[in-house]
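>>> Whatever this is, show me its structure:
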Amino acid sequence: MLDVASPDSDSFPVVAWLRRRAHFRQLPVVVYTDRSLESSEQERLRLGPTLFFTRGRMTPEECEQRIVALLAQIVRNAGENAYENCQTHPRH
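Numbering: from 1, shown residues only. Predicted coordinates:
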């Protein structure tokens, strides 16, 4: 979860650092901001599945529901990928 207060915040370099490391490129990210982000700023903060929340535009319960849904999707996708790998590369 990244808290973005301004374009000069530390979140942008953190994502750039993560993006340079292959094993972090699909990391899910939740971005929490004081303001709406421009599309170019959103792209700079996106890794894997990414959610953008603006303070005051949704309740904590709504944030929680969206984060839980994101995590459920990630777990579901991981299970499907594991099943596909078993089908493609069965053990002998």
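>>> switch to C-alpha atoms for all contacts and neighbour counts from now on
Will do.
>>> show me where pLDDT drops low in the protein?
6-9, 81-92 (pLDDT under 70).
>>> if we go to 90?
1-11, 25-26, 33-36, 55-56, 58-60, 74, 76-92 (pLDDT under 90).
>>> Okay, strands next: where are they in it?
Applying DSSP state E to the chain gives strands spanning 2-4, 29-33, 50-54.
>>> Quick one: distance of the longest helix anywhere in the chain to the chain centre.
In the chain, taking DSSP state H as the definition, the longest helix is helix 60-88. Relative to its chain's centre, helix 60-88 lies at 12 Å (CA atoms, centre = their mean, to the nearest Å).
>>> Quick check: buried residues in that helix?
With burial defined by 16 or more other CA atoms under 10 Å, the residues of helix 60-88 counted as buried are 63, 67, 70.
>>> In a markdown table: the residues you listed, plus distance to residue 10.
Below are the buried residues of helix 60-88 laid out as a markdown table (distance: CA to CA, whole Å):
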| residue | distance to residue 10 |
| --- | --- |
| 63 | 22 |
| 67 | 22 |
| 70 | 24 |
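>>> picking that back up, export the strands of the chain to JSON lines and tack on mean neighbour count and distance to residue 22?
As requested, the strands of the chain are exported to JSON lines (neighbours: other CA atoms under 10 Å; distance: least, CA to CA, whole Å):
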{"stretch": "strand 2-4", "mean neighbour count": "17", "distance to residue 22": "20"}
{"stretch": "strand 29-33", "mean neighbour count": "18", "distance to residue 22": "15"}
{"stretch": "strand 50-54", "mean neighbour count": "17", "distance to residue 22": "17"}
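>>> For residue 42, find the nearest of those.
Residue 42 lies closest, by CA to CA, to one member of these: strand 50-54, at 8.1 Å.
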